[in-house]
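*Asks:* next input, structure requested:
(one chain, ligands or ions: 1)
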Amino acid sequence: MPADNDLCSLRWDPASATVTIIDQTLLPHTLRWCHLDSLEDFCHAISSMQVRGAPLIGITAAFGLAHALAQDPSLENLERVRATLLATRPTAVNLQWALQQVVAEVASLQPGERAAQALACAQRLRLEDVASCALIGDYGLQLLTDIPVTGTLNIMTHCNAGWLATIQWGTALAPIYKAQAAGLAVHVWVSETRPRNQGMNLTAWELQRAGVPCTVVADNSCGELMRRGEVDCVLVGSDRTAANGDVCNKVGTYLKALAAHDNGVPFYVALPWSTIDLDCPSGLDIPIEERDAAEVLSVYGLDAKGEGHQVNLAAAGTHARNPAFDITPARLVSGLITERGVFAASGAALARPPDA
Ligand code: MRU
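*Replies:* Next up is the predicted model:
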């Protein structure tokens, strides 16, 4: 269990009926909680990446839909708000999935019953996410334990697939937290994850708070670390995995998978079943978010006085492109670690009945 088990990424307080989130855009320098009080707040939290990570995006949206139904429970509003929330980010399928869970539960009810049922659904999704991530941690721990190493197990991860991306535990970080709890000596290579630096800003922050040894490395050094034999396993999350096992994750994941393949390093993807989009035949069909080029051309940090500044990195007028995710072909994936067990990244394996 992470050392900060009182911390989780999204709180629901039944007494005040409020949703509170950590504003992740301020990490690692400031830990600030914010209330989400309106549909605009929920949409802004997702689109500005105050909350991010596929499972957390979905759960936040479910609470947003429940909040909006408390103001207006009509079917017209249900559809309008669903579409508004769905438009906040395009790639993580958990957004669509979580909204659909709520819609399916409330659409046929009487208007007066919808808000309460939507809230119950959002609360259930939140709790199920915690349970799923804990199971992903257990299954992933078995794989980590089977990797033949003498001494410390060196795991490389990318972006943030920890409890900040879910509610608790995380997906890719859950097996690492479980390994630490089981007394396994682990060390994590955290790739910084340009341009938004989720690895450096979020994963390193999480791991340090939990007392897990970790080292931040530049994204471009990951292949060289693998070539030197300093990486025993790569473990990442996913924002959407297609029916054929192609994995969409934060941009930079594909290059790690290529380097892992070339160096004989196992490359595992940890994800809840809700991240698998069986309606999406292959990675080619996954919409890849294009974000503002300014994210590539500038960076935020603190100066020596601890004051925050956004600074330009490039010459004025420089053009940049910012695809936020990439596709790792199924053939490069050693296994998909889910709450239902470990699956081959293949259409045949994923077509197994959901509860198999
Ligand atoms: O753009 P983000 O920060 O929302 O993207 C999140 C990721 O890509 C994570 O790495 C992740 O693996 C998916 S969420 C567990």
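
*Asks:* residues contacting the spatially most central residue of the chain?
*Replies:* For the chain, Gly53 is the residue whose C-alpha lies nearest the centre (CA atoms, centre = their mean; 2.9 Å). By CB atoms under 8 Å, 6 or more residues apart in numbering, the residues touching Gly53 are Ser9, Ala92, Asn160, Ala161, Leu164, Ala165, Thr166, Gly237. For the C-beta atoms, the positions are set from N, CA and C on the backbone; glycine is no exception.

*Asks:* how far away is the second one from the ligand?
*Replies:* Distance of Ala92 to the ligand, given as CB to the nearest ligand atom, to the nearest Å: 6 Å.

*Asks:* please name the nearest non-neighbouring residue to that residue.
*Replies:* Ala54 (3.7 Å; CB to CB, 6 or more residues apart in numbering).

*Asks:* okay, now that neighbour: neighbour count?
*Replies:* Residues lying near Ala54 (other CB atoms under 10 Å) number 29.

*Asks:* next: the one 3 residues further on.
*Replies:* Other residues within reach of Ile57 by the criterion other CB under 10 Å amount to 26.

*Asks:* quick check: which element contains it?
*Replies:* helix 54-71 (DSSP states H and E).

*Asks:* show me what that helix is packed up against.
*Replies:* Counting contacts by 3 or more CB pairs under 8 Å, 6 or more residues apart in numbering; DSSP states H and E, helix 54-71 packs against strand 10-13, strand 18-22, strand 33-36, helix 39-47, helix 75-86, helix 93-106, helix 111-146.

*Asks:* about what we covered before: separation between the residue nearest to Ala92 and Cys8?
*Replies:* 16 Å (CB to CB, to the nearest Å).

*Asks:* find the nearest non-adjacent residue to the residue of the stretch 101-250 of the chain found nearest the ligand, please.
*Replies:* The minimum distance from the stretch 101-250 of the chain to the ligand, using CB to the nearest ligand atom, falls at Gly237 (2.4 Å). Spatial nearest neighbour of Gly237, excluding adjacent residues (CB to CB, 6+ apart): Ala161 at 2.8 Å.

*Asks:* up against the ligand, what does the stretch 251-356 of the chain have?
*Replies:* Contact residues, the stretch 251-356 of the chain versus the ligand (CB under 6 Å from any ligand atom): Ala324.

*Asks:* okay, now the unreliable bits of the stretch 251-356 of the chain?
*Replies:* In the predicted model of the stretch 251-356 of the chain, residues 353-356 satisfy pLDDT under 70.

*Asks:* one more pass at 90, please.
*Replies:* 352-356 (pLDDT under 90).

*Asks:* ok, which stretches of the stretch 101-250 of the chain are helices?
*Replies:* Taking DSSP state H, counting those that start in this stretch, the helices of the stretch 101-250 of the chain run over residues 111-146, 174-181, 198, 204-210, 222-227.

*Asks:* mean confidence for the last one?
*Replies:* Think helix 222-227. Averaging pLDDT along helix 222-227 gives 98.

*Asks:* and the third one, by the same measure?
*Replies:* When the per-residue pLDDT values of helix 198 are averaged, the result is 98.

*Asks:* before we move on, the earlier item: got CSV for the contacts of Gly53, with pLDDT too?
*Replies:* Formatted as CSV, the contacts of Gly53 follow (pLDDT from 0 to 100):
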residue, pLDDT
Ser9, 97
Ala92, 96
Asn160, 98
Ala161, 98
Leu164, 98
Ala165, 98
Thr166, 98
Gly237, 98
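
*Asks:* and this structure, what are its domains?
*Replies:* 10-130, 149-351 (automatic domain parsing).

*Asks:* test my guess that Phe325 contacts Thr91.
*Replies:* Yes: using CB atoms under 8 Å, Phe325 is in contact with Thr91, at 5.1 Å.

*Asks:* looking at these two, which is more packed in?
*Replies:* The residue with more neighbours, out of Phe325 and Thr91, is Phe325; 26 against 19, by other CB under 10 Å.

*Asks:* what residues are up against the more buried one?
*Replies:* Phe325 neighbours (CB under 8 Å, 6+ apart): Thr91, Asp239, Cys248, Asn249, Lys250, Val251, Ile286, Ile288, Glu289.

*Asks:* buried sites along stretch 208-226?
*Replies:* Buried residues in stretch 208-226, counted by 16 or more other CB atoms under 10 Å: Ala210, Val212, Cys214, Val216, Val217, Asp219, Cys222, Gly223, Leu225, Met226.

*Asks:* Ala243 is nearest to which of the helices and strands packed on helix 54-71?
*Replies:* helix 93-106 (11.4 Å; CB to CB).

*Asks:* for that closest one, name the packing helices and strands.
*Replies:* Looks like helix 93-106 contacts helix 54-71, helix 75-86, helix 111-146 (3+ CB pairs under 8 Å, 6+ apart).

*Asks:* re earlier: mutual contacts of Phe325 and Thr91, please.
*Replies:* Asp239, Cys248, Ile286, Ile288, Glu289.

*Asks:* going by neighbour count, which of those residues comes out on top?
*Replies:* Result: Asp239 is most packed of these (other CB under 10 Å), 32 neighbours.

*Asks:* if we can go back for a sec, out of the domains of the chain, the one nearest Asp138 is which?
*Replies:* domain 149-351 (6.3 Å).

*Asks:* for Ile176, the count of nearby residues, please.
*Replies:* Ile176 - counted by other CB under 10 Å - has 32 other residues nearby.

*Asks:* in contact with it, which residues?
*Replies:* Gly140, Leu144, Ile155, Thr157, Val186, Val188, Leu207, Val212, Leu235.
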